[in-house]
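*Asks:* Need the 3D shape of this:
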Amino acid sequence: MLTPLLIALMLGPALSVGPLYAAHGLLYLAATLYLMRSQVITFPPAAKWLVLYVVWQAFTLIWAPDLGDGINDVVITGMMVFAVILVSTLAYGQTQRVVQVILGMIGLELLFSGLQIVTGYRLPWLPVNELLSSTTPAGFFGNPNNLAVGLVAFLPLGLLALRAWPAVAYTAAIVGVVALTGSRGGLLAAVLIVPLTLMVAGRVALRRALLTVVLAAAALGLSSAVFEEVATGAQQAVVAVQNYVTGENVEAGASLDVRRRLIENAWTAFQATNGLGIGAGGNTSVQKNAGAEVSVISLHNYWLEILVEDGVIGALLMTGALLTIVLTLWRRWRLQRDVLALGTLMGFLGFAVACVSASSTTYSLHWWVLLALGVTLSARGQVPTQAYEPVQLWRIPIPPHWRKA
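*Replies:* Residues are numbered from 1 along each chain as shown. This is a model prediction of the structure:
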């Protein structure tokens, strides 16, 4: 039951039917019935924070500007938090299985992305963005920015959970694909998180540091030299950031200019609520009333989206959940040299940077899978990494010396 649930979450953007992911709802129901027959569903400390967050989000429906949009957001967030709790319960003592499935799905997504870069093929049921080249990778998503966020979130986990050469190849592939998506936040997060992960890991990762840098640089070079048409998006992103930093004019309709207007609209509406937030799903109504195009209304900043819609209380509840996870993961790394805890912790840091450029992160199921892994590892009583069998992906084990402090 654990494996199909994880696969469904990873494939959610590709296989879902409608915005409410009806197929996932049926799977959650099946998983719940399975658990009720065999064991009690557990609520780790971080999960309790998430449940309170959903309860508060539902409470904001009282003043939400559009009840339909608000209910849609609450239902989806509630389903995802429920999935996080199910995964953390099913995965108790099975963390190696969780990581195996996650890295396998990321490998499959990289394969689909590479196929799209080379041939232009994309999964036929994904939405087509006419503003992008047909060879801009989107993976399981219709939006390349969301692909970039999903890949960056699990980049450190693969970097630390695989042998040297597979880890280097995995990292280089992600950096190359993220560069080709044209995601500014995603590329910045990838460039920052790789050396930070290697630095924190210390002597455990020194032997692969140089290889990673060389291959990642080669992947970036290949991105711009061979696939010039696709790389145009990344090049334009660099120019846009440069213009923004130097204060030069940005062309009307440019990405940064549009996002700045969206943020200004939302922030003005938020200030009028005295910190309570505009209500679940309220950003959509605010942007429409401000004259924004229906196709471009997301704030493209997950943290600001939480603050604006759910208010200070909602932001504090989500912060409580994330701090509980991050601090526990850090303690596991410091005390037990748990490479999975460190990889997940660095994944959260990478996501924190990457998600400021992706739209609708709430619907990006990779984020919820990362959250589920974090809740699982932070649960009390989890078995230390030293007691696990080596995590294997395509029969590639963690080197024995990695598990020594």
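
*Asks:* just checking, next helix/strand downstream of the strand or helix carrying L322?
*Replies:* Applying DSSP states H and E as the criterion places L322 in helix 302-336. Sequence order places helix 339-354 as the next helix or strand after helix 302-336, per DSSP H and E.

*Asks:* between the helix holding L322 and helix 339-354, how many degrees?
*Replies:* Orientation of helix 302-336 against helix 339-354 (axes from the mean of the first three to the mean of the last three C-alpha atoms, to 10 degrees) gives an angle of 160 degrees.

*Asks:* what helices or strands is helix 302-336 leaning on?
*Replies:* helix 45-59, helix 255-271, helix 282-289, helix 339-354, helix 365-378 (3 or more C-beta pairs under 8 Å, 6 or more residues apart in numbering; DSSP states H and E). Any C-beta I mention is one placed from the backbone N, CA and C, and that applies to glycine too.

*Asks:* Could you tell me the angle between that helix and helix 45-59?
*Replies:* 170 degrees.

*Asks:* and helix 302-336, what's its mean pLDDT?
*Replies:* For helix 302-336, mean pLDDT rounds to 91.

*Asks:* Likewise for stretch 107-126?
*Replies:* So the average pLDDT for stretch 107-126 ends up being 83.

*Asks:* swap in stretch 176-195?
*Replies:* 85.

*Asks:* Buried residues, that stretch. List them.
*Replies:* Buried residues in stretch 176-195, defined by neighbour count with 16 or more other C-beta atoms under 10 Å: 176-191, 193-194.

*Asks:* Name the spans of the stretch 201-350 of the chain whose pLDDT lies under the cut-off.
*Replies:* For the stretch 201-350 of the chain, applying pLDDT under 70 flags the ranges 203-256, 292-298.

*Asks:* still on that earlier bit, restricted to helices, list the buried residues of stretch 176-195.
*Replies:* 176-181, 184-191, 193-194 (DSSP state H).

*Asks:* so can I have JSON lines of the helices and strands packed on helix 302-336 showing distance to F82 and mean neighbour count?
*Replies:* Below are the helices and strands packed on helix 302-336 laid out as JSON lines (distance: least, C-beta to C-beta, whole Å; neighbours: other C-beta atoms under 10 Å):
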{"stretch": "helix 45-59", "distance to F82": "9", "mean neighbour count": "20"}
{"stretch": "helix 255-271", "distance to F82": "27", "mean neighbour count": "17"}
{"stretch": "helix 282-289", "distance to F82": "23", "mean neighbour count": "20"}
{"stretch": "helix 339-354", "distance to F82": "20", "mean neighbour count": "25"}
{"stretch": "helix 365-378", "distance to F82": "10", "mean neighbour count": "26"}
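
*Asks:* So which of those is nearest I306?
*Replies:* helix 45-59 (8.7 Å; C-beta to C-beta).

*Asks:* got the angle for the very next helix or strand once past that closest one vs helix 302-336?
*Replies:* Downstream of helix 45-59, the next assigned helix or strand under DSSP H and E is helix 67-90. Orientation check (the same axes, to 10 degrees): helix 67-90 against helix 302-336 gives 10 degrees.

*Asks:* And the next helix or strand after helix 67-90, what's buried?
*Replies:* Next helix or strand after helix 67-90 toward the C-terminus (DSSP H and E): helix 95-119. Of all the residues in helix 95-119, those buried under the rule 16+ other C-beta under 10 Å are 95-106, 109-110, 112-114, 116-117.
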